[in-house]
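A.B. asks: structure of the sequence below:
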Amino acid sequence: MPGYKNASTAAVPSTVKSQMANDLVHMCATDIRPISIVDGGGFNKVAQKLISIGAQYGNVSVGDVLPCPSTVSRHLQSMVACRKSELRDKLAEAVNVAVTTDGWTHAITNVQYITTTVHYIDKDCSMHAHILATRPAVDKHTADYIRNFVVDVLLEFGLQKEGNIFVTDNAANMKAAFREMTWIGCAGHNLNLVLSHALQPSTGDDPEYALPEEVATLLTTCKVTLSKRLNINNKLDSTLKQCVSTRWNSILTMLTSADKSKAQLRAVTADPQVPNSCYVCWVISMTTYWRTLLPYLHHLIWQRKSCRRRNLQRSNLFCLLCVNSAII
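C.D. replies: Here you go, the predicted structure:
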């Protein structure tokens, strides 16, 4: 074929990679896309497809390869129907499934959605997970509404089976929605709740088990005070990360970022232009409290990720034991 070449095993020169990084920065800035797009599976698949087309047909114009938005839009419905049919056929082999569902609200539009997923193990003992639907929830999230919403999705895929198990958080409406079915509380959610309660500042009722004052300050001022206001991140090889309550593993991410930069943070403390009070919590807590707690948190994250392969009660018990050992 014209311009076709066999795949080369030669390494791509570092200068080419560097230029590609510059091009990607320009792309993200021009199209207002996140930098993380380069890690996306879909982006990588399209990029590899473009490389293969170039290898087969030569240095063709991108306009001859990429379709216009209208063409892509026309392909959307047909691809959805095709993929849905393929998934329905694949799910037919499942004797029963574990159904997970949760509601969430779009931060910008304030539109509420409900997502439904299923997990099952095939005859070869391999785990499969599929997102069936993410759709707007137009009515109040009552138990009846949630149950009918999920059942309708399952019926679309032929999955309304007697032995299904439903996994949700512990919200009253979720538990009530599936009270006549086999329901299990989400172990990952339970682990997160235990850690969230354990890492809350004291209310004054039980000061013996409260977080140290400097640690509580650390959780709420890490990036705002230490990074943004004082421009500290520019002085660190690895930037500090903010603790965000709605993001999984957020506290661990923040503490790990501090742990990586502890030597540089102590060096910055010596700077007379930087208020020492901002760093007292780092110097004290990172050498005692958090250095003891971090290994437990890492273990708990591993445990939460392993919940699908472990018994629910064992996971929750393990979590409680670890947190009690670390905190109490």
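A.B. asks: tell me the SS of Val118?
C.D. replies: strand (DSSP: H, G, I helix; E, B strand; the rest coil).
A.B. asks: how much space between the spatially closest residue to it that is not a sequence neighbour and Ala81?
C.D. replies: Nearest-residue entry for Val118: Val97, 4.3 Å, with adjacent residues in sequence omitted and distances by C-beta to C-beta, 6 or more residues apart in numbering. In short, each C-beta sits where N, CA and C put it, glycine included. According to C-beta to C-beta, to the nearest Å, Val97 and Ala81 sit 22 Å apart.
A.B. asks: wait, the residue nearest to Val118 touches Asn164, no?
C.D. replies: Yes - contact criterion C-beta atoms under 8 Å: Val97 and Asn164 qualify, at 5.6 Å.
A.B. asks: who has more neighbours, these two?
C.D. replies: More crowded of Val97 and Asn164, by other C-beta atoms under 10 Å: Val97, with 24 against 20.
A.B. asks: phi, psi for Trp104 please.
C.D. replies: The phi/psi pair for Trp104 (degrees, to the nearest 10) reads phi -150, psi 160.
A.B. asks: what's the burial count for Ala81?
C.D. replies: With other C-beta under 10 Å as criterion, Ala81 counts 10.
A.B. asks: and for the one 10 residues further on?
C.D. replies: By the measure other C-beta under 10 Å, the count of residues near Leu91 is 18.
A.B. asks: and Ile51, by the same measure?
C.D. replies: By the criterion of other C-beta under 10 Å, Ile51 has 11 neighbours.
A.B. asks: helix/strand/coil for it?
C.D. replies: Secondary structure for Ile51, judged by three-state DSSP, is helix.
A.B. asks: and it, what pLDDT?
C.D. replies: In this prediction, Ile51 carries a pLDDT score of 92.
A.B. asks: what's next to stretch 136-156, contact-wise?
C.D. replies: Residues outside stretch 136-156 that contact it (C-beta atoms under 8 Å, 6 or more residues apart in numbering): 84, 99, 101, 103, 111-114, 116, 118, 132-133, 135, 160, 164, 166, 173-174, 176-179.
A.B. asks: now those residues: which count as buried?
C.D. replies: 99, 101, 103, 114, 116, 118, 132-133, 164, 166, 173-174, 177-178 (16 or more other C-beta atoms under 10 Å).
A.B. asks: for those residues, give me TSV that also has secondary structure and pLDDT.
C.D. replies: As requested, those are exported to TSV (DSSP: H, G, I helix; E, B strand; the rest coil; pLDDT from 0 to 100):
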residue	secondary structure	pLDDT
Val99	strand	94
Thr101	strand	94
Gly103	strand	90
Ile114	strand	94
Thr116	strand	95
Val118	strand	93
Leu132	strand	94
Ala133	strand	93
Asn164	coil	92
Phe166	strand	94
Asn173	helix	93
Met174	helix	93
Ala177	helix	94
Phe178	coil	94
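A.B. asks: export the residues you listed to JSON lines and tack on distance to Ala10?
C.D. replies: As requested, the buried ones among the contacts of stretch 136-156 are exported to JSON lines (distance: C-beta to C-beta, whole Å):
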{"residue": "Val99", "distance to Ala10": "49"}
{"residue": "Thr101", "distance to Ala10": "49"}
{"residue": "Gly103", "distance to Ala10": "51"}
{"residue": "Ile114", "distance to Ala10": "50"}
{"residue": "Thr116", "distance to Ala10": "47"}
{"residue": "Val118", "distance to Ala10": "44"}
{"residue": "Leu132", "distance to Ala10": "44"}
{"residue": "Ala133", "distance to Ala10": "46"}
{"residue": "Asn164", "distance to Ala10": "52"}
{"residue": "Phe166", "distance to Ala10": "53"}
{"residue": "Asn173", "distance to Ala10": "59"}
{"residue": "Met174", "distance to Ala10": "55"}
{"residue": "Ala177", "distance to Ala10": "58"}
{"residue": "Phe178", "distance to Ala10": "57"}
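A.B. asks: of all those residues, which comes closest to Ala258?
C.D. replies: Gly103 (33.2 Å; C-beta to C-beta).
A.B. asks: now do the contacts for the closest one.
C.D. replies: The contact partners of Gly103, by C-beta under 8 Å, 6+ apart, come to 112-115, 137, 141, 146.
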